[in-house]
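>>> sequence unknown, structure follows:
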C-alpha cells in the first residue's frame, strides 16, 4: 500500500514487486547448491533480501519517473538512459550487501551454522535480483 501511495500506480508497484520472486529463486538456488536446509535463519535472509531487491526497483522506477517529468518521452530512450544512469547505484547496493555477507557465508567458526543460511540466501538472491533490476525490470 505504501508503494502504491508513493507512486500512485498499481502498474509501477507491481513492477517493483516483481523483484521478489526472482530474488527468491536465487536464494533458493544457492541454498540448494550449498546443500543447506531452509531454516529460520534462511527465512530472515529472505526478508532482508526482499528489502534490498525492492529498494533497487524503487531507485530505478523513481529515476524513470524523474526523466519523464523532465520531458523525456516514454520509450526505448528513456529505458536506456534511466538504466544506464542508475546502473552504478543498483550495482553498489547489491554488491555492498553481498560482499558484507560473504565472510558469514564462508565462516566455519562457532555459530556459523546458524548464520550461513542467512548469508547464502542474501548472496544468491542478490545475483538474480540485480539481473532482474537491470535487465527485466526496464523491459517491463
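Good, I have the coordinates. What you see is a predicted model; the values in this text were computed from it and never measured. Numbers count the residues shown, from 1 in each chain.
>>> which residues are contacting stretch 82-97?
Stretch 82-97 is contacted from outside by 48, 52, 55-56, 59-60, 63-64, 67, 122, 126, 129-130, 133-134, 138, using CB atoms under 8 Å, 6 or more residues apart in numbering. Just so you know, the C-beta spots here come from the backbone N, C-alpha and C atoms, and that holds for glycine as well.
>>> that stretch: which residues count as buried?
Using 16 or more other CB atoms under 10 Å as the test for burial, stretch 82-97 gives 82, 83, 86, 90, 93, 94, 97.
>>> what of stretch 111-127?
Buried-residue list, stretch 111-127, by 16+ other CB under 10 Å: 115-127.
>>> in helices, which of these appear?
Among the buried residues of stretch 111-127, the members falling in helices are 115-127 (criterion: DSSP state H).
>>> could you identify the most distant pair in these?
Taking CB to CB as the measure, these span a maximum distance of 19.1 Å, between 115 and 127.
>>> which residue ranges of this protein form helices?
Using DSSP H, helices in the chain cover 2-7, 10-17, 19-33, 40-69, 76-106, 112-131, 137-139.
>>> next, give phi and psi for the residue located most distally from the centre of the chain.
No residue in the chain sits farther from the centre than residue 110, which is 29.6 Å out by CA atoms, centre = their mean. Backbone torsions for residue 110, taken as degrees, to the nearest 10, come to phi -60, psi 130.
>>> give me the most central residue, the chain.
Most central in the chain (CA atoms, centre = their mean) works out to residue 53, at 2.1 Å.
>>> re earlier: could I get the buried residues of stretch 111-127 as TSV with distance to residue 3 and pLDDT?
Output for these, formatted as TSV (distance: CB to CB, whole Å; pLDDT from 0 to 100):
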residue	distance to residue 3	pLDDT
115	30	89
116	32	91
117	28	92
118	25	93
119	27	93
120	28	93
121	23	94
122	21	94
123	25	94
124	25	94
125	19	94
126	20	93
127	24	91
